[in-house]
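> got a structure for you, letters missing:
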């Protein structure tokens, strides 16, 4: 009992000092997806620590939780002297957010991956140019494949997932055009974002069709894709990064996955070739910071390569392998990314743009 | 009298034991279970918003619970309420987003009817297969669930797709939206809860007062005796599945017309399967099912409040699982007991 | 084997003293004491639920008495399971045989105690032992035949040999005659006497009074978990036994008033039916039933009666042939149509067909007529009328307890049957199929139901009676047909035939052969 009193006292003191709160409401995927929700939460926490403010996360179990959870979060924020910000993570919360945000005009709301259909002064929507990161991983995949078939596993075919795909396929196409290597893309969707089993099933089926590298843009389903690749590769090379490396460096074929949203390279070192990361943490971080400092402006913020909103991972475990199999590819990517920043090439963000996309005219430096 | 007491006591004791076990888990993670339960209760019933939230969550659970419970009473195990709920909502959404011009007095009942017919038809497929080929409904309804999932994803990413963001159908026309009973902040309690309670009344009256209800129960208890008594088993199996499916379809329709106002990819979200637990806890009795659904709805609503004090939502899921386990275990114990008595 | 000495010396083979056994809600045995002399055939009789089986199961180690003592050859015993009872020299032949169908007689006998030679099963020695036992007591069997190929009577002998092989001195026979033809019953009695001559003690459980009178020396009568009489067979009679069983005077044989049958109401022509394994189990049966007439079909169980009944009541597909009811062809008609036309059916298997156990009495009496007035008003049930009617029926047919809400499964067997009989009779039938109407019932209930059948006959209802009980067939029928392997062996009148003649037909002899041989 004593302990509780002490905690309560501390809590009171704490709130007196810094009366600002950041609360994140997850979608039904929840924390632990090693991707989207986790990434945003990391950014919010980072900002919270820096600014010494209280942060909280609330998970939603079902879709009808969105309105009450956002409402409760807004109520909590209202209790604070200096207010706060509520994060709605995930496109599925759009309807709910619009309803709730209108009810609480004095509370800041930040949405990750979507924007409300009409501009509200207290709502900021963070969007990303996923295609710009996906382009690079597609390029790497095309360079690394030994079977000439690479896979794409999407969650639900919603715009961010599709933008990943457009970028990925554009990257593959660019490699084909520049290098003359024939590479096809096999696509599949799990139709949800939370069940790794479905991702794994789909990955196994793609592997059996001759695919050897799969890019998973499917939330937590993607963890199943990574697991499938890991099992396949470990069967060939043995467990552990050392064995994988040794096997790959000897020039033999392995199975790889490509991570998404956050740096997933560590999930299966050596097997996750690279990750197309999205700065959801950046969005989380800035969302809190702007709200706290008063720089908050309603509307849409699109983060791309330029804003460091998207990038590819550090290749901590796989750089050697890539350099061995495709010695020039990383340099070429640097060059191509430079072209993207300059605006010389535009990575497609729609099906039509993808069809029209071409890198003809681009000359790789020797 | 004793029997009635027993049938109420069993689920109540199960809930109490489950809460005690969960309290130990909460203690183990270093939180105060009394505070946690305090916030759970406050979150579920503490203010108007909470009560509305609880009722909103309970509405589809009542209906899927009735769907599964009705099936049980008729001797069929409709594990496909999930799919029937989805297909019902999908059909209703397709209709209601395209025929906006109708006045509410026509649009509302018509949309509901379409959703119920779709759910009924979907379930009747499994009923027909059982009656004519003996294919077990557990298998066929599960398969129909998968088919529904894919049809739904196809529809919301294809023909019905609208807007930016999540895959979803356009908003249904306002004339097909259920009237709002109460509005607090962004929370809206639609008349879906009234429909759910009316459905429970319907189930009670149908099963206990009508000749068709008599036939369906007879088939459920003893199909041989039913056939002997001139009751067609195959006709009643199909009918039972269809009514069960209509109730599940209605669950989808009230979610569509009362809560989301559009079809979303994960509209059913496991509520069809929740119906199985709810039917079990409510012992297939319409009134029991209402209370069981409100219990589960309240646990879920309250769990969100519990999260604000740092207790994971998984604790509530554990509680719920223990309740179901204990209620089911009671059945097991009783079955063993009954067998012993027969042997004697 | 040094027990043998004491076994021979002691006066009583079995003493069960002050045995009490409770089950939840039931006092199955209430301070029961029985003493069975060494070497006697002792009958234990009683109605269903009187506590006979519970008592015997305790003797065989299947249950433990709550209190009381069991002594075998004067020695106090506590049985943890049947193994202990077998060791003490007790053998039991259950009503349902415990044999492995795919093994031979020899293999079944030695199962669990196989003689071995080195590491191998010693078949030769086993065959020899079984053969010896079989010949010694006149238990004639084909020791190498598989159980599934044997008639029921022979299977029973395998069971008896099994107990002897295990060294039984005391043999419990639980309703052994229920499945036998009259001739097989006679043969069983010869075997029992052989066993007795050899010093075995036999406990014979039965509810057939004539058999008890014929074979036993002493009779213990049980009712409601208590011993109500201990009788010496030669000093008693069936009436006295029946009174002790039921607790009142019972009319054992009803007088059947002469009654003139009217026109034909029901006719079967060359009927052929298959069972669930698609085997032809009814093969070319033809018969007619007139109004005001009871036609009895006798036969040993499993000769196609079940499928025949199901076929004529619309519950099973007819392969070939015709069923004509009131001049209309109703072959493979739905049961509802048959009921509409005035056919009712007292089903042989109460639990499968006639009763819905979780339904209260007032729903069970409705079955078959639930959809029409006076029980239904439009789509709704008229509960007031239903309940009134149920109370009336329960009064009229003396169903106890008289609680209309009582669940079907909670009535005793006799009262369940009364409920079913009441329902089928009160539907005002023109023709009734009455199958095994008194199976498992006690003497009092049997008398009641027989009276009801004869009352219907007097009201000019046509009745087709199917029964395994010859006595029942003889006392109720105007004509008797005997069914064997799906065919009718012959038709006789009860007053012009004998039990022996019908028994021979039940064993597969055609009437012409029997009478041809005699004449």
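Structure received. Since the model is a prediction, treat every value here as computed from it, not as a measurement. Numbering: from 1, shown residues only, chains lettered A, B, ... in the order given.
> the domain parsing of the chain - what is it?
Defaulting to chain A. Split into domains by automatic domain parsing, chain A comes to A:17-128+A:280-303, A:130-277+A:328-356.
> that's the wrong chain, I wanted chain C
C:1-89+C:169-250, C:99-167, C:264-351+C:429-518.
> residues in chain A within reach of chain C, list them.
Taking CB under 8 Å from any CB of the partner chain, no part of chain A reaches chain C. C-beta here means a position set from N, CA and C on the backbone, and glycine is covered the same way.
> closest residue of the stretch 1-150 of chain B to chain A?
Across the stretch 1-150 of chain B, no residue is closer to chain A than residue B:53, which sits at 4.5 Å (CB to the nearest CB).
> that residue: which element?
Under the criterion of DSSP states H and E, residue B:53 resides in helix B:48-73.
> number of residues surrounding the closest residue to residue B:218 other than its chain neighbours?
Excluding its sequence neighbours, the residue lying closest to residue B:218 (CB to CB, 6 or more residues apart in numbering or on different chains) is residue B:226, at 4.2 Å. Close neighbours of residue B:226, defined as other CB atoms under 10 Å in any protein chain shown, add up to 25.
> quick one: secondary structure of residue C:71?
Secondary structure for residue C:71, judged by DSSP: H, G, I helix; E, B strand; the rest coil, is strand.
> can you tell me the SS state at residue A:22?
What three-state DSSP gives for residue A:22 is strand.
> isn't it right next to residue A:54, touching?
Yes. Counting by CB atoms under 8 Å, residue A:54 is a contact partner of residue A:22 at 7.5 Å.
> who has more neighbours out of those two?
residue A:22 (28 against 17).
> separation between that one and residue C:417?
Separation of residue A:22 from residue C:417 (CB to CB, to the nearest Å) stands at 76 Å.
> now do residue C:94 against chain A, distance only.
Computed with CB to the nearest CB, to the nearest Å, the distance linking residue C:94 and chain A is 51 Å.
> how many neighbouring residues does the residue of the stretch 151-300 of chain B found nearest chain C have?
Nearest residue of the stretch 151-300 of chain B to chain C, counting by CB to the nearest CB: residue B:230, 3.1 Å away. If you count neighbours by other CB under 10 Å, residue B:230 ends up with 20.
> isn't it right up against residue C:341?
No. Taking contacts as CB under 8 Å, residue B:230 lies outside contact range of residue C:341: 11.0 Å.
> I'd like the mean pLDDT over stretch C:263-282, please.
Averaged over stretch C:263-282, pLDDT sits at 91.
> also stretch B:96-104?
Stretch B:96-104 shows a mean pLDDT of 82.
> before we move on, what about stretch A:124-144?
The average pLDDT within stretch A:124-144 is 93.
> point out where chain A drops to low pLDDT.
A:1-18, A:34-35, A:366 (pLDDT under 70).
> all helices for it, in order.
A:2-17, A:36-51, A:66-79, A:94-103, A:130-144, A:159-179, A:196-208, A:221-237, A:241-249, A:280-293, A:319-325, A:329-342, A:351-356 (DSSP state H).
> cool, and chain B?
Using DSSP H, helices in chain B cover B:2-28, B:33-45, B:48-73, B:81-96, B:104-133, B:137-157, B:192-209, B:211-221, B:223-228, B:233-254, B:271-281, B:286-308, B:313-343.
> so which other helices or strands are in contact with the fourth one?
So the one you mean is helix B:81-96. Under the contact definition 3 or more CB pairs under 8 Å, 6 or more residues apart in numbering or on different chains; DSSP states H and E, helix B:81-96 sits against helix B:48-73, helix B:104-133, helix B:137-157, helix B:233-254, helix B:271-281.
> let's have those helices in JSON lines, adding mean neighbour count and distance to residue C:299.
Formatted as JSON lines, the helices and strands packed on helix B:81-96 follow (neighbours: other CB atoms under 10 Å in any protein chain shown; distance: least, CB to CB, whole Å):
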{"stretch": "helix B:48-73", "mean neighbour count": "27", "distance to residue C:299": "40"}
{"stretch": "helix B:104-133", "mean neighbour count": "21", "distance to residue C:299": "34"}
{"stretch": "helix B:137-157", "mean neighbour count": "19", "distance to residue C:299": "40"}
{"stretch": "helix B:233-254", "mean neighbour count": "29", "distance to residue C:299": "29"}
{"stretch": "helix B:271-281", "mean neighbour count": "26", "distance to residue C:299": "47"}
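> in TSV: those helices, plus distance to residue C:381.
What follows is the helices and strands packed on helix B:81-96, written out as TSV (distance: least, CB to CB, whole Å):
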stretch	distance to residue C:381
helix B:48-73	16
helix B:104-133	24
helix B:137-157	27
helix B:233-254	16
helix B:271-281	24
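> among those, which comes closest to residue C:355?
helix B:233-254 (16.5 Å; CB to CB).
> can you give me how far the closest one is from the chain middle?
12 Å (CA atoms, centre = their mean, to the nearest Å).
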